[in-house]
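J.: Fold the following.
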Amino acid sequence: AWFERVSRLSWGFIGMAGAVGLVVLALSAMRELFIPLILAAFFAVVFAPGVDWLERRRVPRSLGSILLILVISAVVWGAVAIVIVGVFDQVDELTERFDEAQTEIESIVEQSDFNELVTRIRENAGDGGAVLRDGLGSTVGTFLDSASGFASGLVLGMVLLYYLLKDGASLVRGFVANRSPTDSAQVQRIVDQAGASIRGYFKGKTVLAAVQGVFVAVVLAIMGVPLPGSIGVVNFIGAYIPFLGAFIGGAFAMLMALSEGGLGLAIATLAVVVFMNVVLENVLEPKLLGSSLDMHPIVVLLSTVAGGVLAGLVGLVLGAPLTSIGINLYNELRYSGFFADEPTPTPPDDA
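T.: Residues are numbered from 1 along each chain as shown. Here you go, the predicted structure:
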């Protein structure tokens, strides 16, 4: 009997693994379509209440969707402009400070045991430069392909976001209405739970991003770093991208600190940014998002890391809410008897 049970479970596992592998391969082959679609769907869920609010004030959904997309675009490109303008405003100071920092580092190296290692690196720099020049053509080609793919994906994502903001609610209502009364109630619960998970996740991220941006701006202003408000805005937006956003915000803060106070102020700024991200992103964030998603902080942290391993940047951003949606879906299927011979009554909403 035990051998039969183990065999059945083994073959079931092999079948499930094969099915999941085929789905992953299909999604990977269609990633140019799938990634913009999934991101547009998530943003549509988050910002749909804004379109509803405009519609209640007699703004057509089509116009309200366009206005909301313009606001989102203005915020994102405004952050990019802040970074570019800030760097160009400090370019002269940065050049001077980079020279000073190089001199300081070389002085430290010459007084340590790393001097011989640096000498060898400089001797091999010529050979490395030849290799770099040989691969420059392919590197430029890869960059242009990536830029073209990003631009096309961005345009497709904007178009999909417009239609989902405009017609998403009616599409869901039509899908639910075509089911039997029992199935309609269950599908509606699944949709509502998915929307609550996504909005709860982004609500928690917004609170953390605001705390992070204000903390960085205030501390760096006290330290005398230039453009603390701009650094706070960059860190606020970067907080929505786990790990990578902290790197971008920290690099921008260090550049501004280097332009004003040299290597010492840049290192102090790095210490502030690292402390902030260790405390907020790795300690407070899993707890706050776990409360918003009704998941344990360990599950939030592991799902975020696993999402990044499996799907890169998109997985980092969407790993936790997708895990919450999957848990809610599993509970609904379990309570409806999908995994058992006899159906189990569905618990009330507050259960």
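
J.: residues near the residue nearest to K287 when sequence neighbours are not counted, how many?
T.: In space, and not counting its chain neighbours, K287 is closest to P297: 4.8 Å by CB to CB, 6 or more residues apart in numbering. (Each C-beta comes from the backbone N, C-alpha and C, glycine too.) Other residues within reach of P297, judged by other CB atoms under 10 Å, total 16.

J.: Repeat that for V24.
T.: Neighbours of V24 under the rule other CB under 10 Å: 12.

J.: mind listing what it touches?
T.: Going by CB atoms under 8 Å, 6 or more residues apart in numbering, V24 touches no other residue.

J.: before we move on, which element is it in?
T.: Assessed by DSSP states H and E, V24 sits inside helix 2-29.

J.: Quick check: what element follows that helix along the chain?
T.: The helix or strand immediately downstream of helix 2-29 is helix 31-56, counting by DSSP H and E.

J.: Helix 2-29 and that next one, what's the angle between them?
T.: Going by axes from the mean of the first three to the mean of the last three CA atoms, to 10 degrees, helix 31-56 is angled at 80 degrees with respect to helix 2-29.

J.: Now do helix 31-56, average pLDDT.
T.: For helix 31-56, mean pLDDT rounds to 86.

J.: Next SSE downstream of that helix?
T.: helix 61-89.

J.: Give the other helices and strands that that following helix contacts.
T.: Counting contacts by 3 or more CB pairs under 8 Å, 6 or more residues apart in numbering; DSSP states H and E, helix 61-89 packs against helix 31-56, helix 136-177, helix 228-238, helix 244-279.

J.: hmm, back to that, unless I'm mixing things up, the residue nearest to K287 is touching T304, no?
T.: No - with contacts counted by CB atoms under 8 Å, P297 stays clear of T304, the gap being 10.6 Å.

J.: Pass me the low-pLDDT residue ranges in the stretch 251-351 of the chain, would you?
T.: Applying pLDDT under 70 to the stretch 251-351 of the chain flags residues 280-282, 339-351.

J.: before we move on, back to that, out of the helices and strands packed on helix 61-89, which one sits most buried?
T.: Among these, helix 228-238 has the highest mean neighbour count (mean count of other CB atoms under 10 Å), at a mean of 22.

J.: quick one: contacts for V76?
T.: For V76, the contact set (CB under 8 Å, 6+ apart) comprises I237.

J.: any idea how far M158 is from it?
T.: Plainly put, V76 is 11 Å away from M158 if you go by CB to CB, to the nearest Å.

J.: Could you tell me the angle between the helix or strand encompassing G200 and helix 31-56?
T.: Assigned by DSSP H and E, G200 falls within helix 181-223. Note on geometry: by the same axes, to 10 degrees, helix 181-223 and helix 31-56 are set 90 degrees apart in direction.
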